[in-house]
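Undergrad: pasting a predicted model and its sequence here:
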Amino acid sequence: MNGSLCLLSILLLACTTLGRFPEHLRIYVRDVVAAREMMSTPITIGDKVEVEYTHSIFGVQQKEIFSVDIRKNFLLEKVIFGSIAAALYFHSDPGRDLVFEDNAWVLKGNKQIYPVLKYRVSPGTGHLLKVGNRTFSLSGESSESGRLIEISLEKKDPI
């Protein structure tokens, strides 16, 4: 009996660790200065998260693509740039990690870890957050410029 219980415990731990029983997470977006939550939505480990916006200096589209890891971090998969100047502003010596494909410059993210994502947003930058097939505006309708927002992951207890 003890052996069966031990085996069951090991199987449960393995399934949880491998994502067979997904941990319940939520992605939260907060306006740091106003100290208020802007939105939250469910997310699971392995999901892709994209933040797309118009680069404030170069005026080109930029998209940052992350995945969610088991430690509730964002892992940078890649960044897509509308110009080489924006790419080199992001990383001045990208080496072989920067390639041109599908009419854009793509920089491999090498799974850089970010516990929290921070962005300066304003109506002119058109920041969008994409989680799965859902899209949320982060820039908002207000004329307030340069708001600081944070995007984080937190465990959510199942209902």
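TA: Nice, I can see it. Numbers count the residues shown, from 1 in each chain.
Undergrad: only C-alpha atoms from now on, for both contacts and neighbour counts.
TA: Noted.
Undergrad: what's the distance between G132 and E77?
TA: The gap separating G132 from E77 is 15 Å, by Cα to Cα, to the nearest Å.
Undergrad: same drill for those two, tell me which one is more crowded.
TA: More crowded of G132 and E77, by other Cα atoms under 10 Å: E77, with 19 against 13.
Undergrad: which SSE is that one in?
TA: E77 belongs to strand 74-81 when assigned by DSSP states H and E.
Undergrad: from the middle of its chain, how far away would that strand be?
TA: 8 Å (Cα atoms, centre = their mean, to the nearest Å).
Undergrad: apart from its neighbours in sequence, what residue is nearest I84?
TA: Using Cα to Cα, 6 or more residues apart in numbering and skipping residues adjacent in sequence, the residue nearest I84 is W105, 6.4 Å away.
Undergrad: quick check: nearest residue in space to L128, chain neighbours excluded?
TA: Nearest residue to L128, sequence neighbours excluded (Cα to Cα, 6+ apart): S137, at 4.7 Å.
Undergrad: quick one: contacts for that neighbour?
TA: Applying Cα atoms under 8 Å, 6 or more residues apart in numbering to S137 gives the contacts 126-129.
Undergrad: pretty sure A87 contacts F100?
TA: No. Counting by Cα atoms under 8 Å, A87 stays clear of F100, with 10.7 Å between them.
Undergrad: the two: who's more crowded?
TA: Neighbours per residue (other Cα under 10 Å) separate A87 from F100, with A87 holding more: 21 against 13.
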